[in-house]
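>>> turn this into a model:
(one chain, ligands or ions: 2)
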Amino acid sequence: MFIKIGIDLGTANTTVYLPQKGIVLTEPTVVAVDELTKKIIAVGQEAKDMIGKTPGDIKIYRPLREGVIADYRSTLAILKYFLNKTKISKIFKPLLIISVPAGITSTERKAVIDAALEAGAKEVYPIREPLLAALGADLSINSPSGHMIVNIGGGTTEIAVISLGGIVSWESIRIAGDKFDESIKEYLRKKFNLAIGDKTAELIKIQVGAALIDKNTNLSINVNGVNILTGLPMTIKINSSHIVEALQRDLREIILGIKKVLSHTPPELVADIMEKGIVISGGGALLRNIDQLIYQQTGVAAFVANDPLYCVARGTGKIIEKLDIYRRVLISHK
Ligand SMILES: Nc1ncnc2c1ncn2[C@@H]1O[C@H](COP(=O)(O)OP(=O)(O)OP(=O)(O)O)[C@@H](O)[C@H]1O
Ligand SMILES: [Mg+2]
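Ligands and ions are numbered 1, 2, ... in the order given. This is a model prediction of the structure:
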């Protein structure tokens, strides 16, 4: 009998699920490294709080890029940090259920397994994120019926049609929350000559961001930054319509991805999706009116899952609780 732990190892956030306890921990997937000693000095929220505020010899790393490991050493540090925090893994080595992108290569998958084993796991089951997101959104993925999930994370948007416990058609797009932040930065720089940092861009997105404007989304925020022409501090009032404009191109790519997946899906399953609607998960699902935009552009109703940030972690929990029922979705183990 193993202790089983579910981990949503995301580009932006890592979340841990424990049986009987549920979600016990969620923190940014970020580490801070002292470049002089090469030592990791902070992990998680503490490291994220340092972004944009570090002296030259401290560097902030985001160990995952587009859902896969870009930096092995800091991913290992992240996994160790989270496993230590659960306080149970030192006695019994745990079995880990861990999320990976739908399009993961065998080399990338091996890196996840190696890092998890080195961090102290006894067995590792990498599972494709859209399946976990669908499970966490309470879709009955084992039924002979088509479900479409659009998981908008930090690094990737994964669009998948699921039936009988498997992915029938899917697309992974490298446009998600991080790219939204980049686009907001670029937009403000071009339109107002205003330079801002990554954290401010994310804050603007969360506070006033929207995919469409309606009567409830006329929000505004005063943003402090630097005028790139004068080098002096500057404050500009930004409203939701600015952000709709800034994100237009990115959102169009996501819509195109959804249309592409629909066009590659067998008609019977498309009919199921038309009936039940598209389910949106991941942090990007919290962008105001994203459901309306998807409906407007595809003609298929769209719904934001409950607590969309935690769908994938909840999905790992469902697998843990019923490992034999979901054996089909386990892509490999060690
Ligand atoms: N209220 C909000 N409005 C818009 N975006 C939000 C909101 N809250 C969080 N986000 C964004 O959601 C993203 C993180 O989502 P999530 O935790 O699902 O990603 P992840 O799983 O770490 O990434 P990936 O699945 O791509 O590896 C971040 O870009 C964050 O800025
Ligand atoms: Mg994710």
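>>> now the closest residue to Ile40 other than its chain neighbours: phi and psi?
What sits nearest to Ile40 in space, not counting adjacent residues and going by Cβ to Cβ, 6 or more residues apart in numbering, is Ala77, at 4.9 Å. Where C-beta positions appear, they are placed from N, C-alpha and C, glycine not excepted. When quoted as degrees, to the nearest 10, the phi and psi of Ala77 stand at phi -60, psi -40.
>>> Ala77 against Thr29, yeah?
No. Using Cβ atoms under 8 Å, Ala77 is not in contact with Thr29, being 10.5 Å away.
>>> so who does the residue nearest to Ile40 touch?
For Ala77, the contact set (Cβ atoms under 8 Å, 6 or more residues apart in numbering) comprises Val31, Ile40, Val43, Pro63.
>>> what's the closest of those residues to Thr54?
Among those, Val31 lies closest to Thr54 (Cβ to Cβ), at 12.1 Å.
>>> pLDDT value on that closest one, please?
You'll see Val31 listed with a pLDDT of 94.
>>> rewinding a little: so what sits against both of Ala77 and Thr29?
Joint contacts of Ala77 and Thr29 (Cβ under 8 Å, 6+ apart) are Pro63.
>>> residues from the stretch 51-200 of the chain in reach of ligand 2?
Gly153 (Cβ under 5 Å from the ion).
>>> what about Thr200, distance to Leu188?
9 Å (Cβ to Cβ, to the nearest Å).
>>> I misspoke; the intended subject was Ile175.
Counting by Cβ to Cβ - Ile175 and Leu188 are separated by 19 Å.
>>> tell me the SS of the residue lying farthest from the centre of the chain?
Going by Cα atoms, centre = their mean, the residue of the chain most distant from its centre is Thr230, 36.8 Å out. Classification of Thr230 using DSSP: H, G, I helix; E, B strand; the rest coil returns coil.
>>> wait, does the one helix or strand Val124 maps to contact ligand 1?
In this structure, Val124 is located in strand 123-128 according to DSSP states H and E. No. Strand 123-128 does not reach ligand 1 (Cβ under 6 Å from any ligand atom); its nearest approach is 11.3 Å.
>>> partners of that strand, with directions?
Applying DSSP bridges, strand 123-128 is found paired with strand 95-100 (parallel).
>>> excluding its backbone neighbours, what's nearest Arg314?
Gly136 (3.5 Å).
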